[in-house]
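In: Please find the sequence and the predicted model below.
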Amino acid sequence: VLLPEYQRVSRRPKDEPTFHVFYEMIAGCSDEMKKQLGLENTDEPCAFLTPLQRQEDKLKAGGSWARVVSALELLGVKPTEVKAIWSVLAAIYHIGVAGAIKGSFGKGIFVKPQAAQRAATLLGISIDDLTNATFQVTSTNSLSPYRSSPSTERTSALEKKLEPFECLEGLAHGLYLEVLAVLVALINRSISSSANCISSLLLFDSPGFQNGATCRSTSFPGATFTDMQHNYLQERLQQLFYDVTVGSTKDKYEQENIEFPSEIEHDDVAMSVSQLLDLKPPNALARSSFQNIRDAGKRGLLWMLDEESLVTNVSDEELVKRILDQFSDKEYGKALEKGPTSNQFIIRHLRGTNPVVYTASGWLKLCRENPIIGNVSSLLQESIREEISYLFSTYRGATSVSLSGSVAGLEGHQSLRRVTSMRRTFNSGTAGIKRKSISIQVKYQVDAIIETLRKSRPKFVYCFLPHHNAGISVEAPKVGDECVNLPLLRSQIRGSQILAALRLHRLGFPECILIEEFCRRFSFKSESQKLTGNEVGRTVEVCKDILLQLDVEPSAYQIGLSQIFFRAGTLSKLESQRDDHITTKITRLQAWSRAYLARKRLERRKVEDTVVRCVQRNVRKLLGVREWPWWRLLIKLSPLLNVHRTEEELRSATDELTTLRSRLDILEKEKTELKMLSNKLEIKKGDKEDIISNS
């Protein structure tokens with residue numbers, strides 16, 4: 001959750017509620033849960049919200065509360081974790097009931113100590129710890145061994161001048177941010193997987209442009225600092241849409257030496273609004289380049305708010321005057337105007353089609369993070385209630401407290417932590433010094449969002465207002481011409497630059513493919529047009545020949561240096577022709593294969609038919625002769641003949657055995673005689689050798 005609107009806990013716009021979960025908790029809790037959370041009596045006034053009064057609103061909130069509880073059960077959140085979350089939310093309500101004023105010694109105290117005691121009991125801390133965490137501003141700079149800079153000293157001085165109610169707001173903001181971060185971590189724990197994924201789908205949902213004068217009511221005093229944050233994000237997203245749809249296409253045309261359509265206008269107004277909000281200060285410009293030397297003395301609104309918030313005696317009127325004086329050039333005149341009152345100014349968002357009146361009341365205080373927020377994390381981790389201490393120590397212990405106002409759930413998203421802008425936001429450099437500057441953190445957070453989206457392949461989904469009264473609390477007309485405000489719809493379409501993207505899609509060449517790839521894929525009509533390894537230099541000529549054979553109109557394509565560009569729908573038609581050609585060849589191959597297999601099956605059937613006919617003929621012959629008398633006699637005598645034949649075979653075998661035995665006896669006799677003769681000769685040989693040796 002990036003850029004959470006946590007100020008709504010205590011400061012909500014006119015005619016708008018605070019976060020719905022507080023109303024739903026008060027209206028939907030069971031009697032036992034209300035007793036545990038101390039919500040039996042909600043008649044006491046609360047500085048942060050007013051409980052629902054109408055019965056139908058309470059019933060609706062009770063149904064929503066049941067869905068919230070069911071969703072937590074579906075996500076596998078443990079009952080102890082759910083109880084810890086409800087306890088912190090109920091503590092925020094009791095803190096609003098407690099209130100805060102200055103005591104006799106100038107230190108803040110609670111107006112209703114009983115409500116503060118209920119909040120401390122729910123948080124698992126003592127009332128003294130709650131009081132110190134709420135009204136005692138601790139300066140972290142005194143603990144540093146290095147010398148503090150003047151800006152840091154001014155920041156510490158401003159922090160010590162907090163009013164008691166501002167301290168109370170800081171405590172409520174910190175508690176809500178901790179609950180939000182823990183809830184995001186629990187959701188990530190439930191839906192995350194240990195398996196590595198090759199690709200992922202990132203869904204980014206932004207609030208859209210916030211214009212109080214047109215979207216809320218005519219009596220709305222003006223857009224707030226939070227509205228300016230959302231509008232700045234939307235301006236950057238709109239610039240990203242232009243860069244992805246028009247800017248990248250223009251760069252590709254220039255790289256491939258293709259003429260860009262002159263009907264597409266350049267987005268100068270959007271660039272002016274973007275620079276108006278986030279133009280870097282002079283020292284950053286000097287380090288980056290000299291191309292914006294004319295803006296050397298200027299800085300964007302976000303940077304100006306950061307610098308002016310360190311000055312204690314700057315009023316809202318002086319801030320607006322400095323903003324108007326700095327951007328009084330003709331270049332920024334289309335984007336910035338003076339407002340109806342001295343503390344208001346107008347920024348024309350959405351390429352000048354959406355003028356927003358900003359009221360800079362209290363902006364300088366809102367630009368500095370409330371130091372009380374930093375006390376909340378340690379307060380919850382040191383709770384004597386085991387479920388609260390374990391939950392907030394496990395899921396929030398490793399995250400810096402000073403970052404809690406800008407992001408929730410980052411510790412569980414490794415891909416976001418690897419983003420360069422995200423690391424720059426939370427680590428060293430300028431961001432490390434500006435961690436307590438809300439305006440600069442907004443700039444870095446938006447940079448991280450845009451960088452993450454730019455590295456993906458984004459698809460944009462727009463949502464337009466059908467009429468200027470469309471909103472949460474205003475009922476829209478159902479029938480008639482008033483259902484859609486056509487001028488408003490036209491201005492939104494014109495400001496979103498969808499027409500420029502559509503015009504570029506219609507007049508340009510949105511489809512492209514590498515020339516070598518095109519020759520390889522579409523040389524199906526002529527085998528002679530296929531490229532070999534030694535013919536890479538003639539790819540353009542081969543490409544033109546292929547296009548001529550495919551009967552493509554010359555106005556439907558442009559050949560660049562390495563790619564060929566087509567009008568919308570041309571490449572799909574060529575793909576259709578290629579598919580038809582390949583389909584024809586595959587059909588022929590299938591027909592030949594089926595014919596070959598059919599012939600093989602026919603030959604096999606012929607052999608089987610011959611065998612069957614032979615068997616049938618023999619069977620018919622057998623059926624014809626089996627009734628004959630001589631056949632019956634043959635059937636009866638055949639076994640007897642077999643017995644006689646067996647006796648003859650046995651007799652012949654016996655005779656053969658006798659003959660072989662007689663031959664064996666003769667051979668044995670001859671062998672014995674030869675052996676005796678051999679022994680006699682050996683004896684004579686030995687006698688002769690003795691005689692020879694003695695002589």
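Out: Noted; the coordinates are in hand.

In: Where does pLDDT dip in the protein?
Out: 138-160, 213-220, 266-270, 282-297, 312, 331, 333, 396-435, 469-482, 526-537 (pLDDT under 70).

In: what residue is smack in the middle of it?
Out: residue 202 (1.7 Å; C-alpha atoms, centre = their mean).

In: That one and residue 459: what is the separation?
Out: Distance, residue 202 to residue 459, by C-beta to C-beta, to the nearest Å: 11 Å. The way it works is simple: take the backbone N, C-alpha and C, and place the C-beta from them, glycine included.

In: Then residue 599?
Out: Distance from residue 599 to residue 459, by C-beta to C-beta: 54 Å.

In: okay, the two: which has more neighbours?
Out: Counting neighbours by other C-beta atoms under 10 Å for residue 599 and for residue 459 shows that residue 599 has the greater number, 10 against 6.

In: host element of that one?
Out: Taking DSSP states H and E as the criterion, residue 599 maps to helix 570-625.

In: Same check on residue 93?
Out: helix 79-98.

In: for the residue nearest to the centre of the chain, what are its contacts?
Out: Residue 202 is in contact with 452-453, 456, counting by C-beta atoms under 8 Å, 6 or more residues apart in numbering.

In: Narrow these to those in strands?
Out: Judged by DSSP state E, strands contain none of the contacts of residue 202.

In: Can you flag the buried ones in those?
Out: 452-453 (16 or more other C-beta atoms under 10 Å).

In: Let's have the contacts of residue 202 in TSV, adding distance to residue 348.
Out: Formatted as TSV, the entries for those read as follows, by distance: C-beta to C-beta, whole Å:
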residue	distance to residue 348
452	28
453	24
456	30
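
In: Give me the helices and strands touching the helix holding residue 93, please.
Out: Applying 3 or more C-beta pairs under 8 Å, 6 or more residues apart in numbering; DSSP states H and E, we find helix 79-98 packed against helix 20-28, helix 31-37, helix 113-123, helix 164-191, helix 386-396.

In: So for stretch 365-380, what gets flagged as buried?
Out: 366-377, 379-380.

In: All the helices of the stretch 301-450 of the chain, in order from the start?
Out: Listed in chain order, the helices of the stretch 301-450 of the chain (DSSP state H, counting those that start in this stretch) span 301-308, 316-326, 330-333, 363-366, 373-381, 386-396, 414-417, 420-426, 430-433, 438-454.

In: Tell me how many other residues surround the nearest residue to residue 61 once chain neighbours are set aside.
Out: Distance criterion C-beta to C-beta, 6 or more residues apart in numbering; nearest residue to residue 61, sequence neighbours excluded, is residue 27 at 3.9 Å. For residue 27, the neighbour count with other C-beta under 10 Å is 21.

In: so residue 27 makes contact with residue 62?
Out: Yes: the pair residue 27 / residue 62 is scored as a contact, 5.2 Å apart, by C-beta atoms under 8 Å.

In: any chance of the helices and strands packed on helix 79-98 in JSON lines, with distance to residue 485 too?
Out: Formatted as JSON lines, the helices and strands packed on helix 79-98 follow (distance: least, C-beta to C-beta, whole Å):
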{"stretch": "helix 20-28", "distance to residue 485": "28"}
{"stretch": "helix 31-37", "distance to residue 485": "45"}
{"stretch": "helix 113-123", "distance to residue 485": "47"}
{"stretch": "helix 164-191", "distance to residue 485": "36"}
{"stretch": "helix 386-396", "distance to residue 485": "46"}
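
In: Compare those and report which one is nearest to residue 566.
Out: helix 164-191 (41.3 Å; C-beta to C-beta).

In: what's the domain layout of the chain?
Out: If you go by automatic domain parsing, the domain ranges for the chain are 6-139+154-190+372-412, 215-366.

In: ok now do residue 135, which residues does it touch?
Out: The neighbours of residue 135, taking C-beta under 8 Å, 6+ apart as the test, are 100, 107-109, 164, 167.

In: Go through these and name the one nearest residue 355.
Out: Of all the contacts of residue 135, residue 355 sits closest to residue 167, with 36.7 Å by C-beta to C-beta.

In: and the gap between residue 563 and residue 75?
Out: Using C-beta to C-beta, residue 563 is found at 48 Å from residue 75.

In: of these two, who's got more company?
Out: The residue with more neighbours, out of residue 563 and residue 75, is residue 563; 19 against 13, by other C-beta under 10 Å.

In: How about the more buried one: what's its closest non-neighbour residue?
Out: residue 512 (4.8 Å).

In: Then the one you found would be within a strand, right?
Out: Yes: under DSSP: H, G, I helix; E, B strand; the rest coil, residue 512 falls within a strand.

In: Can you get me a residue count around it?
Out: Count around residue 512 with other C-beta under 10 Å applied: 20.

In: what pairs with it across the strands?
Out: residue 565 (DSSP bridges).

In: so it sits right up against residue 567, yeah?
Out: No: using C-beta under 8 Å, residue 512 makes no contact with residue 567, being 11.0 Å away.

In: Now the terminal residues of stretch 235-250, how far apart.
Out: The separation between the terminal residues of stretch 235-250, taken as C-alpha to C-alpha, to the nearest Å, is 20 Å.

In: list the buried ones in it?
Out: 235-246, 249-250.
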